[in-house]
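Novice: Below are the sequence and a predicted model for it; my questions follow.
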Amino acid sequence: MKHAVDAKTLVVLGTGGTIAGQADAQTDHVGYSAAQIGVDQLVESVPPLADALDGCRLVTEQVAQIDSKDMSWLVWQQLAQRCAFWLTDPAVQSLVITHGTDTLEETAWFLQSVLQPAKPVVLTCAMRPATALVPDGPQNLLDAVTVALDQRASGVLAVCAGVVHDALRVQKIQSYRLDAFDSGPDGPCGHVEQGRVRWAGKSDSAGHGHVTAGLQAVANAAEPPWVEIVINHQGADGRQVDALVRAGVKGLVAAGTGNGSLHADLEAALLRAQESGVRVVRASRCCQGRVLPTPGDTLPDSNGLSPVKARISLMLALLASDGPADAG
Ligand code: SIN
């Protein structure tokens with residue numbers, strides 16, 4: 001652990017999501033409006049937080065109030081900057097971020113890549129709105145605080161349904177159930193049980209080896225480099241890729257089938273794109289496993305990243321190669 005054990009502030013940053021959502025009926029788990037309740041009210045609705053904090057000062061800040069399907073570059077910039085601000089405060093032990101489930105894994109990977117924090121930054125969420133008969137947000141928030149204050153926690157983590165995931169592995173795999181996230185075959189990095197964290201293996205997100213832009217390059221970029229995802233499927237061809245290249249795309253992530261395999265016509269278009277200077281990366285559309293490189297591969301693989309995370313890493317790599325070196 002790099003952070004001081006006597007640091008005594010925990011900061012909860014609100015960004016919206018279903019955890020802050022409201023529905024007209026207690027039984028409605030889908031027809032609600034996300035991002036309605038402020039982070040102060042969310043925190044106040046969980047009285048056991050006082051015990052979990054164990055004397056630690058709690059600070060809240062509303063960074064955004066959005067449905068995470070609308071997560072933008074601007075909100076990412078603001079969130080990264082607010083995280084960096086709090087993380088450099090020696091009194092701050094850890095951060096918790098309330099977030100929508102839909103793009104949580106992308107924000108987790110973005111923050112891990114840009115900040116590579118030694119202190120814990122724990123994203124949490126809910127699958128049911130705060131107005132549900134039995135909402136899951138309060139327990140998730142309590143669990144997230146428990147993880148954030150655990151001395152063994154570090155880096156960007158996600159907590160949902162009592163399970164602790166790291167930024168590299170976490171993926172939303174369920175559209176309705178409360179236990180909506182998974183860490184793939186290597187499993188989660190821990191579980192929260194009765195207010196304690198039982199840790200398991202954690203991946204080395206920080207040392208994943210990708211070239212990445214730091215906070216300054218992110219803050220300076222009015223727009224991120226344009227990177228799109230194209231998916232392989234029965235009958236896939238190259239027209240979408242050719243159109244994207246003509247429109248000025250800077251990077252393409254191919255979500256291949258199985259071990260990143262691509263229809264011959266789609267592959268030919270991607271190779272044309274690569275030859276014209278567009279950066280191309282090959283991931284797999286399978287929700288588990290990774291693309292294993294084979295001799296003679298003509299398109300680089302995503303080094304185990306899912307298509308959405310490979311897109312973020314490619315954006316950040318392009319940003320890093322665009323601008324001056326940034327210690328971030
Ligand atoms: C969102 O992602 O903001 C809405 C959906 C959710 O949080 O489950």
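Specialist: Arrived safely, thanks for sending. Numbering: from 1, shown residues only.
Novice: my guess is residue 218 meets residue 114, correct?
Specialist: Yes: at 5.5 Å, residue 218 counts as touching residue 114 under the criterion of Cβ atoms under 8 Å. Any C-beta I mention is one placed from the backbone N, CA and C, and that applies to glycine too.
Novice: okay but residue 313 is in contact with residue 113, surely?
Specialist: Yes: using Cβ under 8 Å, residue 313 is in contact with residue 113, at 6.4 Å.
Novice: quick one: common contacting residues for the two?
Specialist: 210, 212 (Cβ atoms under 8 Å, 6 or more residues apart in numbering).
Novice: Among those two, which residue is more densely surrounded?
Specialist: residue 113 (28 against 23; other Cβ atoms under 10 Å).
Novice: where's that one relative to residue 55, distance?
Specialist: 33 Å (Cβ to Cβ, to the nearest Å).
Novice: what's near enough to touch the residue of the stretch 51-200 of the chain found nearest the ligand?
Specialist: Going by Cβ to the nearest ligand atom, the ligand is nearest to residue 100 of the stretch 51-200 of the chain, at 1.9 Å. Contacts for residue 100 (Cβ under 8 Å, 6+ apart) come out as 15-19, 34-35, 66-69, 71, 125.
Novice: again with residue 71
Specialist: Per Cβ under 8 Å, 6+ apart, neighbours of residue 71: 100, 103, 106-107.
Novice: Residue 273 against residue 243, yeah?
Specialist: No: if you go by Cβ under 8 Å, residue 273 and residue 243 don't touch, sitting 10.8 Å apart.
Novice: Mind listing the shared neighbours of these two?
Specialist: Between them, residue 273 and residue 243 share no contacting residue, judged by Cβ under 8 Å, 6+ apart.
Novice: In terms of neighbours, single out the busier of those two.
Specialist: Neighbour totals were compared for residue 273 and residue 243, and residue 273 leads with 23 against 11 (other Cβ under 10 Å).
Novice: Tell me who's in contact with the residue lying closest to that one once chain neighbours are set aside.
Specialist: Once flanking residues are discounted, residue 273 sits nearest to residue 245: 4.9 Å by Cβ to Cβ, 6 or more residues apart in numbering. Counting by Cβ under 8 Å, 6+ apart, residue 245 makes contact with 272-273, 276, 278.
Novice: On the pLDDT front, check whichever residue of the stretch 201-328 of the chain sits closest to the ligand for me.
Specialist: In the stretch 201-328 of the chain, the residue that lies nearest the ligand is residue 308 (13.4 Å; Cβ to the nearest ligand atom). With respect to pLDDT, residue 308 scores 98.
Novice: does it really touch residue 105, like I thought?
Specialist: Yes: using Cβ under 8 Å, residue 308 makes contact with residue 105 at a distance of 6.9 Å.
Novice: between these two, who's got more neighbours?
Specialist: Set residue 308 next to residue 105 and count neighbours by other Cβ under 10 Å: residue 105 wins out with 25 against 17.
Novice: Can you point out the buried residues in the helix or strand that contains the more buried one?
Specialist: Using DSSP states H and E, residue 105 falls within helix 104-115. For helix 104-115, the buried set under the neighbour-count rule, 16 or more other Cβ atoms under 10 Å, comprises 104-115.
Novice: phi, psi of residue 236?
Specialist: phi -60, psi 140 (degrees, to the nearest 10).
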